[in-house]
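Enquirer: Give me a 3D structure for the following:
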Amino acid sequence: MAMGSITFHWHDLSQLNTVANACATLWKAPAVVLLEGELGAGKTTLVQNVLSAWGIAERIKSPTFDLVHWYQMDDMVVLHVDLYRIADQGELLALDLPSPNEDIPYVLLVEWGHWLRQWYPDRFECQILRESDGERTMVVTAVGDEPLRRLSQQEVSDT
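Expert: Below you'll find the predicted structure:
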């Protein structure tokens, strides 16, 4: 399977906005983005900033208890998903997430997304690490032909 990656770093919210803008361009529909990182690493904050970059003005909160939040945009549907409380694969079926062949343009932004690796062969995997000095490092790995094509065409450099 084709893969490639890019690394981002940020210390504060102004730097995170730059990262979020780059991700918002990279993750246009259709896209599946699987976010990993310890509690407090910044997964939800990153999603909030990406959705803001896409022009979603409403308050974005974590879907920890609801599991899925839907946002309708003019040209796509965005699903913000949090699978932290999922105990087994069977629970995922009840979420009724789009299939990889779905006709509607969608973006899945999935916290604790490792559960979905086998369902979505083309995806972006993001590992966010929180350093002791407060810096965040995120490695975005493009998995599959289409995500790799986007990454290679993206005019984003490691930040």
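Enquirer: quick one, what contacts the residue lying closest to residue 27 once chain neighbours are set aside?
Expert: With C-beta to C-beta, 6 or more residues apart in numbering as the criterion, residue 27 has its nearest non-adjacent residue at 5.5 Å, and that residue is residue 33. The C-beta positions use only the backbone N, C-alpha and C, and glycine is treated the same way. Going by C-beta atoms under 8 Å, 6 or more residues apart in numbering, residue 33 touches 23, 27, 107-110, 113, 123-124, 126.
Enquirer: if we go to 6 Å?
Expert: By C-beta atoms under 6 Å, 6 or more residues apart in numbering, the contact set of residue 33 is 27, 109, 124.
Enquirer: I'd like to know which of those residues are part of strands.
Expert: 109, 124 (DSSP state E).
Enquirer: Buried ones only from the contacts of residue 33, please, as a ChimeraX command.
Expert: Buried subset of the contacts of residue 33, written as a ChimeraX selection, criterion 16 or more other C-beta atoms under 10 Å:
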select :27,109,124
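Enquirer: quick one: which of the contacts of residue 33 is nearest residue 19?
Expert: Taking C-beta to C-beta as the measure, residue 19 sits nearest to residue 27 out of the contacts of residue 33, at 11.9 Å.
Enquirer: roughly how far apart are the closest one and residue 109?
Expert: To residue 109, residue 27 is 8 Å away according to C-beta to C-beta, to the nearest Å.
Enquirer: one step back: what sits opposite the residue nearest to residue 27 in the beta ladder?
Expert: For residue 33, the beta-bridge partners are residue 109, residue 124 (DSSP bridges).
Enquirer: per-residue pLDDT, it?
Expert: Note on residue 33: pLDDT of 98.
Enquirer: Please apply the same query to residue 1.
Expert: 65.
Enquirer: same question, residue 159
Expert: Here, the pLDDT recorded for residue 159 equals 51.
Enquirer: cool, residue 152 as well?
Expert: 89.
Enquirer: and it, what element?
Expert: Assigned by DSSP states H and E, residue 152 belongs to helix 145-153.
Enquirer: So which bits of that helix are buried?
Expert: Within helix 145-153, the residues scored as buried using 16+ other C-beta under 10 Å are 147-148, 150-151.
Enquirer: Which of the helices and strands in this protein ranks last by mean pLDDT?
Expert: Least confident element among the helices and strands of the chain, by mean pLDDT, DSSP states H and E: helix 90-93 (a mean of 85).
Enquirer: That concludes my questions; thank you for your assistance.
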